[in-house]
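Engineer: when you get a sec, could you give me coordinates for this:
(one chain, ligands or ions: 2)
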Amino acid sequence: MRLAPDTQDTLGFAVSLVNSSPAASRSGLDEIATVEQLGAFLIGWSYSGRIDNNATELDEVRQTRAAIQSLWRLGIDDAVEAINGMLLESRALPHLARHDGLPWHLHATEPDAPLAQRIEVEVALALVDVIRSGETHRLRLCEADDCSGLLVDLSRNGTKRFCSIRCGNRMNMVAFRDRAAGDHLVRLRTSPSGDRPNRAVSALRAPGPG
Ligand SMILES: [Zn+2]
Ligand SMILES: [Zn+2]
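Structural biologist: Ligands and ions are numbered 1, 2, ... in the order given. Okay, here's the model as predicted:
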């Protein structure tokens, strides 16, 4: 893996932020809908710097969340344009910083810049690292039918397909049911009583993954 450790951390943060939205979250609800929920989320990621804990900040972070989500769906040229735009708009000034016992890592905003702006710039810089390292194939969309979650696959073999264990289990269950339906059909076809296989054919679903 050629990505810097702080890049990997930021990608994990970005995915977790986007996957708090209703179309990807565990609850099916917006899991960053209140100032309190945002606060709890940030504590989970040990996010440092200015945190206002107010409605304006929540609004801005939710807008940034949507902007990050859309980045994952862009082709590389469009993504580059969007990322450069984000860095320019925030007047990002990359520099090394060290705080809270962390090793030297990249910052590009002041600690007192608005939270949403710091998140956006941090994610943009992580994506700069991903793109210039030729690792964009590690950024993917969840393959579950009903999920719009993002995933970042930093594993060696790079075969991750789902944003969460929950999505993986759900899609495995669908594949299992499809296989079971297929078995049922085979049994009907070979059954000595000659049951009517046509009914089973019409009930057979399209084969699922795996
Ligand atoms: Zn830092
Ligand atoms: Zn998913």
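Engineer: quick one, domains of the chain?
Structural biologist: If you go by automatic domain parsing, the domain ranges for the chain are 5-157, 167-203.
Engineer: looking at those, which is buried most?
Structural biologist: Ranked by mean neighbour count, these are led by domain 5-157 with a mean of 16 (mean count of other C-beta atoms under 10 Å). Every residue, glycine included, has its C-beta placed from N, CA and C.
Engineer: quick one: average pLDDT of that domain?
Structural biologist: On average, the pLDDT along domain 5-157 is 95.
Engineer: how far does that domain stretch from start to finish?
Structural biologist: One end of domain 5-157 to the other measures 19 Å (C-alpha to C-alpha, to the nearest Å).
Engineer: all numbers from here: first residue = 34
Structural biologist: From this message on, residue numbering opens at 34, which makes the last subject domain 38-190.
Engineer: which residues does the residue nearest the centre of the chain contact?
Structural biologist: The residue lying closest to the centre of the chain (C-alpha atoms, centre = their mean) is Leu183, at 2.3 Å. Going by C-beta atoms under 8 Å, 6 or more residues apart in numbering, Leu183 touches Ala47, Val48, Val51, Asn52, Ala57, Gln102, Trp105, Leu172, Arg173, Leu174, Cys175, Cys196.
Engineer: what secondary structure does the last one sit in?
Structural biologist: Spelled out, it's Cys196. coil (DSSP: H, G, I helix; E, B strand; the rest coil).
Engineer: so it makes contact with Asp186?
Structural biologist: No. Cys196 lies out of contact with Asp186 (C-beta atoms under 8 Å); the separation is 10.3 Å.
Engineer: which bits of the protein sit near ligand 2?
Structural biologist: When proximity is defined as C-beta under 5 Å from the ion, the chain approaches ligand 2 at Cys175, Ala177, Cys180, Gly182, Cys196, Cys200.
Engineer: would you turn the residues you listed into TSV with distance to Arg131 and secondary structure?
Structural biologist: Listed next are these as TSV, based on distance: C-beta to C-beta, whole Å; DSSP: H, G, I helix; E, B strand; the rest coil:
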residue	distance to Arg131	secondary structure
Cys175	35	coil
Ala177	39	coil
Cys180	38	coil
Gly182	33	coil
Cys196	32	coil
Cys200	37	helix
